[in-house]
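Below is the sequence, then the predicted model.
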Amino acid sequence: MDKIKIAIAGVGNCASSLIQGIEYYSPGNGNDPVGLMHREIGGYGPADIRVVAAFDIDERKVGREVADAIFQPPNCTAVFQPEIPKTGVFVSMGRVLDGVPGHMRRYEPARTFVVSSEKEATKRDIVGVLRESGAEILLNYMPVGSEKAARFYAECALEAGVALINNMPVFIASHDAWARRFEEAGLPIIGDDVKSQLGATIVHRVLASLFRKRGVKLERTYQLNTGGNTDFLNMLDRSRLVSKRESKTEAVQSVLESRLDTHDIHVGPSDYVAWQKDNKVCFMRMEGRLFGDVPMNLELRLSVEDSPNSGGVVIDAIRCCKLALMRGKGGILYSPSAYFMKHPPRQYPDDIAWQMIEAFIAGERGD
C-alpha cells in the first residue's frame, strides 16, 4: 500500500513524539501499539505514515532534516526512540505571524524560540512545498493563541488541496465558514484541539459523566495545569488563552446534566514551571452533593509527559483522515472529531463518540 503522506506545521514537542512513535511502532521493532485504537486502520499501521514536508520558524530546526530537527531545543519531551531514519526531508521556513508572543523573547534562548534569519515563507511558498512533496494531510501544531498562523496554514491546505487535522485550539473545523470551505473543496478536516490519550480533560470529562450517572449534583469544579515546555511558557500571555479556555471548558460542560455558571468552573493552563519541562501536572477538584444534600468533594493529581500523551491519538486521526480521502469524503469528519478532539463541531459523550469512530472505521458511518 502507498504511504500516508503528511506535512507538519510546527516541529515542536508534539511533532517529535509523533515522529518517534511512527518509528517506535514499526513492525521491525516489535513493540505493542500502546495508546493506539488498533494496530491497523484501513490496512495502515503507524509505520505507513511518512512525513514529506515540515515547517517551522526556529533557526535550530529550519534547514535540518526532520529526523534531527525533532530533537533540537527548545524541544524537551521524552526521547523514547532516539534513532530516526533519515529520509531527505528538511524543515522549511514557515511564517511567523502571531506564532511567537513577545514575552517569550525575554527568556533564556535555549528554552525558547530563536527565530530564523531566513526569509519568511509566503503562502505561495508553503503551497508549493505541499504540492511538490505530494502531501495528503497537513497537521497544524501551531502554539496556543496563534490565530493568524493557524488560519494561514488552513488557507494553504485549501489552496494546495490537502486535508487538515487541526490539533490546536483555533476554531477551524468548528467554525461554520471554514468547515463549509473544506466541504466545498472536497477535503476532509478533523478538529479542533486534540485530546490526550489520558490527559486532564478526558479524565475530567469521565468523572463529570460519572457524577451525572450516579446522581451526584456537581456544584463547582476546577482543573489547574502546570508545565515547563514552550507551550506553557507561551500561555503566560493570558490574552492567548481565550480559545484554549473555551475549548477545555466546553469539553467538560458538554457532558454535565446542567451547565455550571462560569464562576463555578475553571478549566485551563495555570502556570509555567521551567524544571517540569514536558511533564504536565494537573490538580483537579470537584465539589458536589450526595443523597440528602450531604456535601462531598474529590481531589485528584495527574502527572503525564504531555506530548507523547497525544501522539497515538494523532496517529489514529491521520489514519482516519486517510480513510476519508480513500472514500472521497470531504468536509467535517464528525466521528473522528468527536472522539479525538476537545472542541469538535458536535460534542458527544465519550462512550457514544467511541461507538461512532468504530463505526466510521468499519465503514458503517459515512460521516
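Noted; the coordinates are in hand. Residues are numbered from 1 along each chain as shown.

Secondary structure element holding residue 124?
helix 123-133 (DSSP states H and E).

Tell me the buried residues in that helix?
125, 126, 127, 129, 130, 133 (16 or more other Cβ atoms under 10 Å). In this view, the C-beta of every residue, glycine as well, is placed from N, C-alpha and C.

give me every residue that touches the fifth one.
Going by Cβ atoms under 8 Å, 6 or more residues apart in numbering, residue 130 touches 7, 53, 138, 156, 157, 160, 162.

OK, contacts around the nearest residue to it once chain neighbours are set aside?
Closest residue in space to residue 130, ignoring its immediate chain neighbours: residue 160 at 3.8 Å, by Cβ to Cβ, 6 or more residues apart in numbering. Counting by Cβ under 8 Å, 6+ apart, residue 160 touches 126, 127, 130, 131, 135, 138.

what do you get if the cut-off is 10 Å, keeping everything else the same?
Residues counted as contacts of residue 160 (Cβ atoms under 10 Å, 6 or more residues apart in numbering) are 7, 53, 123, 126-133, 135, 138, 187.

What of residue 259?
Residue 259 neighbours (Cβ under 10 Å, 6+ apart): 250, 252, 253, 265.

Could I get the residues you listed in CSV, plus columns for neighbour count?
Shown next, in CSV, are those (neighbours: other Cβ atoms under 10 Å):
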residue, neighbour count
250, 17
252, 24
253, 18
265, 19
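
can you tell me which of those residues lies nearest to residue 77?
residue 252 (25.8 Å; Cβ to Cβ).

The closest one is in contact with residue 220, isn't it?
No - in this structure residue 252 lies outside contact range of residue 220 using Cβ atoms under 10 Å: 11.9 Å.

Now list whatever residues contact both of these two.
With Cβ under 10 Å, 6+ apart, residue 252 and residue 220 have common neighbours 260, 265, 286.

ok, so of the residues you listed, who is nearest residue 232?
residue 265 (21.0 Å).

re earlier: check what pLDDT the residue nearest to residue 130 gets.
Looking at residue 160, its pLDDT reads 98.

Now do the phi/psi pair for it.
phi -80, psi -10 (degrees, to the nearest 10).

Same check on residue 302?
phi -120, psi 130.

Just to check, residue 230 is in contact with residue 114?
No - the pair formed by residue 230 and residue 114 falls short of the contact definition of Cβ under 10 Å, at 11.6 Å.

Spit out the contact partners of residue 314.
6, 14-15, 17-18, 21, 49, 139, 141, 165, 167, 190, 194, 340.

where's residue 83, which helix or strand?
Here residue 83 is assigned to no helix or strand, by DSSP H and E.

Skipping its backbone neighbours, what lies nearest it in space?
Residue 83 sits nearest to residue 23 (Cβ to Cβ, 6+ apart), 7.5 Å away.

isn't there a strand covering that neighbour?
No - according to DSSP: H, G, I helix; E, B strand; the rest coil, residue 23 belongs to no strand; its state is helix.

Show the contacting residues for it.
Here residue 23 is in contact with 29, 31, 46, 47, 67, 80, 81, 82, 83, 84, 85 (Cβ under 10 Å, 6+ apart).

Tell me which of those fall in helices.
residue 67 (DSSP state H).

Just the buried ones from the contacts of residue 23, in PyMOL syntax?
Remark: buried members of the contacts of residue 23, expressed as a PyMOL selection using 16+ other Cβ under 10 Å:
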select buried, resi 46+47+67+81+84
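
Now flag whichever of the contacts of residue 23 is closest to residue 101.
Among the contacts of residue 23, and counting by Cβ to Cβ, the member closest to residue 101 is residue 67, at 28.8 Å.

Just to check, the closest one is in contact with residue 15?
No - Residue 67 is beyond contact range of residue 15, at 11.7 Å (criterion: Cβ under 10 Å).

Now for those two: what residues contact both?
Joint contacts of residue 67 and residue 15 (Cβ under 10 Å, 6+ apart) are residue 51.

coming back round to it: what's the first helix or strand after the helix holding residue 124?
strand 137-140.

All the strands of the stretch 101-250 of the chain, in order from the start?
137-140, 163-166, 188-190, 217-227 (DSSP state E, counting those that start in this stretch).

With distance to residue 358 and mean neighbour count as new columns, can those strands be given to me in CSV?
Output for the strands of the stretch 101-250 of the chain, formatted as CSV (distance: least, Cβ to Cβ, whole Å; neighbours: other Cβ atoms under 10 Å):
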stretch, distance to residue 358, mean neighbour count
strand 137-140, 21, 26
strand 163-166, 19, 28
strand 188-190, 16, 30
strand 217-227, 28, 19
